[in-house]
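[1] build me a model:
(4 chains)
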There are 2 protein chains.
Amino acid sequence: MEKRKKRRRNVTAAAASGAPATRRRPAAVSIRDVAERARVSIATVSRAVNGIATVNPELARRVWQAIEEVGYLPNTQARALVSGRSRMLGLIVSEITNPFFPELVQEFENLAVAQGYEVLIGSTSYETLRTESLIRRMLQRNVDGVAVMTFGIEEDLIQKLVEREFPLVFVDAGPDLPNIRVLKVDYAEGIRQGVQHLAALGHRHIAFITGPLRLRSAVARRDAFRKSMAELGLVVPADHLVEGTHTMEGGIVAMEKLSQLDPVPTAVMCSNDVTAIGVLHALYRTTHEVPADISVVGFDDIHLAQFMLPPLTTVQMSCKDLAAAAVEALRAGIEADHPKAARKEWSIPTRLVVRQSSTFPRGSLPALAGTARRGGAKNF
Amino acid sequence: MEKRKKRRRNVTAAAASGAPATRRRPAAVSIRDVAERARVSIATVSRAVNGIATVNPELARRVWQAIEEVGYLPNTQARALVSGRSRMLGLIVSEITNPFFPELVQEFENLAVAQGYEVLIGSTSYETLRTESLIRRMLQRNVDGVAVMTFGIEEDLIQKLVEREFPLVFVDAGPDLPNIRVLKVDYAEGIRQGVQHLAALGHRHIAFITGPLRLRSAVARRDAFRKSMAELGLVVPADHLVEGTHTMEGGIVAMEKLSQLDPVPTAVMCSNDVTAIGVLHALYRTTHEVPADISVVGFDDIHLAQFMLPPLTTVQMSCKDLAAAAVEALRAGIEADHPKAARKEWSIPTRLVVRQSSTFPRGSLPALAGTARRGGAKNF
DNA sequence: ATGAAAGCGCTAACAC
DNA sequence: GTGTTAGCGCTTTCAT
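    Purely as a prediction, here's the structure:
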């Protein structure tokens, strides 16, 4: 009785037809090798590997031993092909080089891997073409679900994912459909805390550098700022609202605009920390002291924020929370029996972290002037 | 004649056996749907999609039209299964949150995608367990090759990849085997330029903060520093060589040690930019001025370096070069007919970028003292 | 409880 | 030049 009668395994086309485009590696150990060695059928190996309870313990032992001996690793592609599930999660970010995202990616990856998923990452770089290709790739790789963590995306781009009913997770806002879940960031609270902090220190002329306003989240942050100011009876003149790009370069340009104003605002809030870093840089170039001349407040609390000079006061939006919610929401969409399968919204808290880039406006408290250079608000 | 006679497509197991663990999406469009619609065989569709020249143009047109109409995307898993190639490249980094790596990842991804590959990223976080799981995952996902960009790794960890003859790329050093290629970074040149720059400014007491010395690359950088100093007849006392961790925290701790010395070194070179950022922070906390009191030089030239206060003088090792070489070397290992298939080494240049964190040692040129605060070496 | 066999979507050998 | 078909490695019936 010839086993393997139908297999052409190891008989590469290359052997017959001249130079192959690809150098072939030795064929990996497959389920058949394990089955042969353990003297069971491939079905039994499959059942043992997948922990099906009905397998005879003695056979299971033989299978595991054989697996050990031949160094078998199940081929994920084959599994995916037959099961219809790839156990891959797509993660779409704007730009991996924006320091906020690596932290998110890291957390997301840790959680996903711990739960048996692989992560396919892609960055849009805010380019439509790239985003389209990204989504096509995710479709072709057959990811089980996609987290769109770009804080805003052109909706027709993700149309294909929506059509094919992929479980999707968005930040802030997304279409209201059964497979779509949303992480709602509480911008209002964090930004209110920031504004109140500055107002309490005595600032009245507070400027805000927004993100790119085609992003919903950037609009949401700006609106939260306006609202928080209004609550305190403070008006925001149009020239105190400058559009940035969520990059350091954007922060520099925006701050240069703000320094033309008369009077120059005594405090600047930024739509994200990277912008704030640009602002610090611009102020350094123009020999303004932070926080003595101008207080700066960021948003995100990236790891780097605490190492800035001076360490940056900022509104924290925890990547850990965001990543955990994203993975949980995706699984809720993927696994029909997930405990939170019915949930459509996850809320993400924010809070102010006071460091040394914010203090009293210059001259408001002469007695403390001496502490301004390094003192900041830490004693406040 | 019933087509599709053997297919159980769309008849999910779930329909028969109660609650499924997984919610199934509607079956994706497959090659058969295209074939039916274009009234050709699946083989013809496959040939058309893969651009085989012998296909009748009229049929090809029908195929492409059908593809358009039904929205067909080839299933990558099936392709990988039958072809033995996944068109995925593994990319192993140390920590994605270290700002050097996102830039590398971005470049690598751009290049890989442009050349038709997907990227599977993983970070070791310097943990053996994580690294093992990472490598197992890469094996299971059947990547076509792996770039190990960690600047040093425990060699027994990658043993499994070596055994199975995966094309591999290392930085600096790796086993001399047919499937292994190495990117040689020219530490000597960049670091020599850095040392000569500082020496030319008048520094004699130059300290060096190394990376974690279990990393080959960290050792290589330190040795390059020693050698460059020796070339100038400068001795490096043992206490001028402090081990860091390639993190900001490590830079802070190391700088604190250096400030205990008497006399304190007038210049500090760092094994990477992140360490240098930590150093700037430590000096800020102890009210030392950079560069007036102490000059600081980094290594890597991460994007952030130019935005530091003051902008960081550093040795550039271009991620673009590194990523391009890595992708090219990987393809050379994967594709037998690649023009550079025989090449085993790629060399990566480095060069000094002078910004404002380095200047004359205090007091050495009194006439210039007034420019020290902001002047740095830019006029030099 | 176990094995034989169908078949996931695709490529490539082979026949015409 | 085109169609038919085996089979990539695996899971899951179905029959025993």
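[2] just the element for the residue of the stretch 101-250 of chain A found nearest DNA strand D, please.
    Of all residues in the stretch 101-250 of chain A, A:Gly116 sits closest to DNA strand D, with a separation of 12.4 Å (C-beta to the nearest atom of the strand). The way it works is simple: take the backbone N, C-alpha and C, and place the C-beta from them, glycine included. Assigned by DSSP states H and E, A:Gly116 falls within no helix or strand.
[3] contact partners for it?
    By C-beta atoms under 8 Å, 6 or more residues apart in numbering or on different chains, A:Gly116 lies in contact with A:Arg87.
[4] quick one, phi/psi of it?
    Taking degrees, to the nearest 10, you get phi 80, psi 20 for the backbone angles of A:Gly116.
[5] does A:Gly122 count as helix, strand or coil?
    strand (DSSP: H, G, I helix; E, B strand; the rest coil).
[6] so which bits of chain A are right by DNA strand C?
    Contacts of chain A with DNA strand C, taken as C-beta under 7 Å from any atom of the strand, map to A:13, A:16-17, A:40-44, A:47, A:54-56, A:58-59, A:78, A:81-82.
[7] can you say which of the residues you listed are buried?
    Burial by neighbour count, 16 or more other C-beta atoms under 10 Å in any protein chain shown: within the residues of chain A next to DNA strand C this picks out A:40, A:44, A:47, A:55, A:59, A:78, A:81.
[8] the third one reaches A:Ala53, doesn't it?
    No - under the contact definition of C-beta atoms under 8 Å, A:Arg47 does not touch A:Ala53, with a separation of 9.2 Å.
[9] wait, A:Leu168 sits on A:Leu161?
    Yes - with contacts counted by C-beta under 8 Å, A:Leu168 reaches A:Leu161, the gap being 5.9 Å.
[10] any common contacting residues for the two?
    A:Val146.
[11] give me the pLDDT value at the one residue sitting closest to the centre of chain A.
    Note on chain A: the residue nearest the mean C-alpha position is A:Leu104, at 4.0 Å, using C-alpha atoms, centre = their mean. pLDDT recorded at A:Leu104 is 96.
[12] state the distance from the nearest residue to it once chain neighbours are set aside to A:His303.
    If the residues on either side of it in the chain are set aside, A:Leu104 comes closest to A:Cys319, at 4.5 Å by C-beta to C-beta, 6 or more residues apart in numbering or on different chains. Distance, A:Cys319 to A:His303, using C-beta to C-beta, to the nearest Å: 9 Å.
[13] any common contacting residues for these two?
    Joint contacts of A:Cys319 and A:His303 (C-beta under 8 Å, 6+ apart) are A:Glu103.
[14] higher neighbour count, those two?
    Ranked by neighbour count (other C-beta atoms under 10 Å in any protein chain shown), A:Cys319 and A:His303 place A:Cys319 first, with 25 against 17.
[15] phi, psi for the residue nearest to the centre of chain A please.
    According to degrees, to the nearest 10, A:Leu104 has phi -60, psi -50.
[16] that one reaches A:Leu322, doesn't it?
    Yes - at 6.1 Å, A:Leu104 and A:Leu322 qualify as touching, with contact defined as C-beta under 8 Å.
[17] show me whatever sits in contact with both of those two.
    With C-beta under 8 Å, 6+ apart as the test, A:Leu104 and A:Leu322 both reach A:Met149.
[18] tell me the contacts of A:Val195?
    A:Val195 makes contact with A:206, A:225, A:228-229, A:232, A:269, according to C-beta under 8 Å, 6+ apart.
[19] rerun at 10 Å
    Taking C-beta atoms under 10 Å, 6 or more residues apart in numbering or on different chains, we find A:Val195 in contact with A:203, A:206, A:208, A:224-232, A:234, A:267, A:269, A:297, A:315, A:352.
[20] from those residues, which land in helices?
    Of the contacts of A:Val195, the ones assigned to helices by DSSP state H are A:224-231.
[21] before we move on, back to that, would JSON lines of the buried ones among the residues of chain A next to DNA strand C with pLDDT and secondary structure be doable?
    Converted to JSON lines, those look like this (pLDDT from 0 to 100; DSSP: H, G, I helix; E, B strand; the rest coil):
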{"residue": "A:Val40", "pLDDT": "96", "secondary structure": "coil"}
{"residue": "A:Thr44", "pLDDT": "97", "secondary structure": "helix"}
{"residue": "A:Arg47", "pLDDT": "96", "secondary structure": "helix"}
{"residue": "A:Val55", "pLDDT": "94", "secondary structure": "coil"}
{"residue": "A:Leu59", "pLDDT": "95", "secondary structure": "helix"}
{"residue": "A:Ala78", "pLDDT": "95", "secondary structure": "helix"}
{"residue": "A:Leu81", "pLDDT": "94", "secondary structure": "helix"}
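[22] and of these, the nearest to A:Leu139?
    A:Leu81 (15.4 Å; C-beta to C-beta).
[23] how about low-confidence regions in the stretch 151-300 of chain A?
    Scanning the stretch 151-300 of chain A for pLDDT under 70 picks out nothing.
[24] where along it do the strands fall?
    Along the stretch 151-300 of chain A, the stretches classed as strands by DSSP state E, counting those that start in this stretch are A:168-171, A:180-185, A:206-210, A:241-243, A:267-270, A:295-300.
[25] quick one: which of the ones you listed is nearest B:Pro99?
    Nearest of those (C-beta to C-beta): strand A:295-300, 14.7 Å.
[26] listing partners with orientation, what would you give for that closest one?
    Strand A:295-300 pairs in its sheet with strand A:267-270 (parallel), strand A:313-317 (parallel), by DSSP bridges.
[27] show me how far it is from its chain's centre.
    20 Å (C-alpha atoms, centre = their mean, to the nearest Å).
[28] one step back: biggest separation within the buried ones among the residues of chain A next to DNA strand C, which pair?
    A:Leu59 and A:Leu81 (26.1 Å).
[29] next one, pLDDT for the residue of the stretch 251-380 of chain A found nearest chain B please.
    Using C-beta to the nearest C-beta, A:Ala336 is the residue of the stretch 251-380 of chain A that sits closest to chain B, at 4.0 Å. A:Ala336 is assigned a pLDDT of 84 by the prediction.
[30] for A:Gly116, same thing?
    On the pLDDT scale, A:Gly116 gets 91.
[31] neighbours around A:Ser295, how many?
    28.
[32] thought it was touching A:Cys270?
    No - counting by C-beta atoms under 10 Å, A:Ser295 sits too far from A:Cys270 to count as a contact (11.4 Å).
[33] contact residues of the stretch 251-380 of chain A facing chain B?
    Within the stretch 251-380 of chain A, the positions lying close to chain B (C-beta under 10 Å from any C-beta of the partner chain) are A:251-252, A:274, A:277-278, A:280-285, A:287, A:290, A:302-304, A:306-311, A:319, A:333-338, A:341, A:356, A:373-374.
[34] what residues does chain A have near DNA strand D?
    A:6-9, A:27-28, A:30-32, A:42-43, A:46-47, A:49-50, A:72-75, A:78-79, A:81-83.
[35] just the buried members of the residues you listed?
    Judged by 16+ other C-beta under 10 Å, buried ones among the residues of chain A next to DNA strand D: A:30-31, A:46-47, A:49, A:72-75, A:78-79, A:81.
[36] tell me which of these is nearest to B:Asp144?
    A:Asn75 (14.1 Å).
[37] I figured A:Asp300 hits A:Gly194, correct?
    No - shown here, A:Asp300 and A:Gly194 do not form a contact pair, counting by C-beta under 10 Å, at 12.0 Å.
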